[in-house]
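Trainee: only geometry, no sequence info:
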């Protein structure tokens, strides 16, 4: 059994997946296994993946959405730790090494790191102007910045396949209510691409999913009587 | 606390998303990553704000409906000011249309309305940048945007 599996969920990721996979294969502390879960892509993703045939494992499945796709990857992993990356993002070469060192040193179950948002170069100037990138260096409480012990999923459960937007927020809320120990490495170790088709933030119906997740989160926290009130 | 209540109130969209769950409203701020819970009387008040209303008319209606003491009325006023201070509502004092009388539907007892504010999910909610949306086409020039990204 190796140390870390990287799970890459992909749906129509032909534009950026090469860059993504190369960044995972170029880690200074090698990833034991790379599992790409192809969620029924209709573009050339599968063909592109052939060039990595000897270095990655590909699981093909019908299109069912992000949470179910992640879960297929988690079930196929057999290492002590699991990391994730979306098919349009990249890791810095020292991400795995830095985070694994932090995990071992601090004896924690889950580790996050800083994320830098960047505008994908193919966007036109007009499109770039419409994005208010704001602060680009952020605390990466997100899948792509996480390394987590695989057995945490046995305690917390898998991603909720019913959740279409905010899959990670929903899972993280459950992880917090289960008191999963975690640590944040304050270094930018991954890059998150902002492009035309991952901009969901002002679409109201997606945001309503967030409200629903936050309401469930509050109910859980109220039950635990944890006072998270910031005011 | 200096803002006059002689103003129209409306949810501060698109910065704020609000959603009703049984007897509770959850408001999410896309600007600061905080989220808010309004329950009981606070949720009833927000229902009126969702429909846009005049702050003073709302005060008057609640004072009358629940026969509020001056202390309760002050708590209500503080609540409305807090919604304004936290940028959860938009105010509009310039246009002052005819103020429609408000009919309060809420039953039960008046409870001191509270804005319960939470910041524990801020880092997760602020990860995605805000972008403009073209009213006609949605996100720039792709009305039938394909889904090419997961996560």
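Mentor: Looks like it arrived, so ask away. Since the structure is predicted, the reported quantities are computational estimates derived from the model, not experimental observations. Numbering: from 1, shown residues only, chains lettered A, B, ... in the order given.
Trainee: What about residue A:154, how many residues nearby?
Mentor: Neighbours of residue A:154 under the rule other Cβ atoms under 10 Å in any protein chain shown: 9. Yep, even glycine has a C-beta here, placed from its N, CA and C like the rest.
Trainee: and what of residue A:38?
Mentor: Neighbour count for residue A:38, taken as other Cβ under 10 Å: 24.
Trainee: State the distance from the residue positioned nearest the centre of chain A to chain B.
Mentor: For chain A, residue A:143 is the residue whose C-alpha lies nearest the centre (Cα atoms, centre = their mean; 2.3 Å). From residue A:143 over to chain B the distance is 6 Å, taken as Cβ to the nearest Cβ, to the nearest Å.
Trainee: I'd say that residue and residue A:168 touch.
Mentor: Yes - applying Cβ atoms under 8 Å, one finds residue A:143 in contact with residue A:168, separated by 5.1 Å.
Trainee: So, low pLDDT: which residues of chain A?
Mentor: Low-confidence segments of chain A (pLDDT under 70): A:1-2, A:198-206, A:225-231.
Trainee: in it, which helix has the most residues?
Mentor: helix A:204-223 (DSSP state H).
Trainee: Report the separation between the two terminal residues of stretch A:61-69.
Mentor: 8 Å (Cα to Cα, to the nearest Å).
Trainee: Say whether chain B is contacted by stretch A:75-92.
Mentor: Yes - using Cβ under 8 Å from any Cβ of the partner chain, stretch A:75-92 reaches chain B at A:86, A:87, A:88.
Trainee: ok now the helix or strand hosting residue A:191, how far from the chain's centre?
Mentor: Using DSSP states H and E, residue A:191 sits within strand A:182-194. Relative to its chain's centre, strand A:182-194 lies at 11 Å (Cα atoms, centre = their mean, to the nearest Å).
Trainee: which residues touch that strand?
Mentor: A:16, A:85-86, A:88-92, A:94-95, A:98-99, A:102-103, A:106, A:108-120, A:131, A:133, A:137, A:139-140, A:142, A:144-145, A:175, B:127, B:129 (Cβ atoms under 8 Å, 6 or more residues apart in numbering or on different chains).
Trainee: for chain B, which spans come out with low pLDDT?
Mentor: Ranges of chain B meeting pLDDT under 70: B:1-4, B:94-100, B:106, B:128-151.
Trainee: try 80 this time
Mentor: For chain B, the stretches with pLDDT under 80 are B:1-4, B:93-108, B:128-151.
Trainee: filter the residues of stretch A:75-92 next to chain B to the buried ones?
Mentor: For these, a burial check counting by 16 or more other Cβ atoms under 10 Å in any protein chain shown picks out A:86, A:87, A:88.
Trainee: Nearest to chain B among these?
Mentor: Closest approach between these and chain B, by Cβ to the nearest Cβ: residue A:86, at 3.9 Å.
Trainee: Phi and psi next, for the closest one.
Mentor: phi -80, psi 150 (degrees, to the nearest 10).
Trainee: I'd like to know how far it sits from residue A:59.
Mentor: Look at residue A:86 and residue A:59: by Cβ to Cβ, to the nearest Å, they are 16 Å apart.
Trainee: One more: residue A:126?
Mentor: For residue A:126, the distance to residue A:59 - Cβ to Cβ - is 39 Å.
Trainee: how about the helices in chain B?
Mentor: B:41-50, B:55-66, B:70-85, B:122-125.
Trainee: With distance to residue A:21 and mean neighbour count as added columns, please give these in a markdown table.
Mentor: Shown next, in a markdown table, are those (distance: least, Cβ to Cβ, whole Å; neighbours: other Cβ atoms under 10 Å in any protein chain shown):
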| stretch | distance to residue A:21 | mean neighbour count |
| --- | --- | --- |
| helix B:41-50 | 47 | 21 |
| helix B:55-66 | 56 | 18 |
| helix B:70-85 | 48 | 17 |
| helix B:122-125 | 26 | 20 |
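Trainee: just so I know, which of those lies nearest residue A:30?
Mentor: Residue A:30 sits nearest to helix B:122-125 of all the helices of chain B, at 29.1 Å, using Cβ to Cβ.
Trainee: just to revisit the earlier point, between residue A:126 and residue A:59, which one's more packed in?
Mentor: Under the neighbour definition other Cβ under 10 Å, residue A:126 and residue A:59 were set side by side, and residue A:59 has more, 16 against 9.
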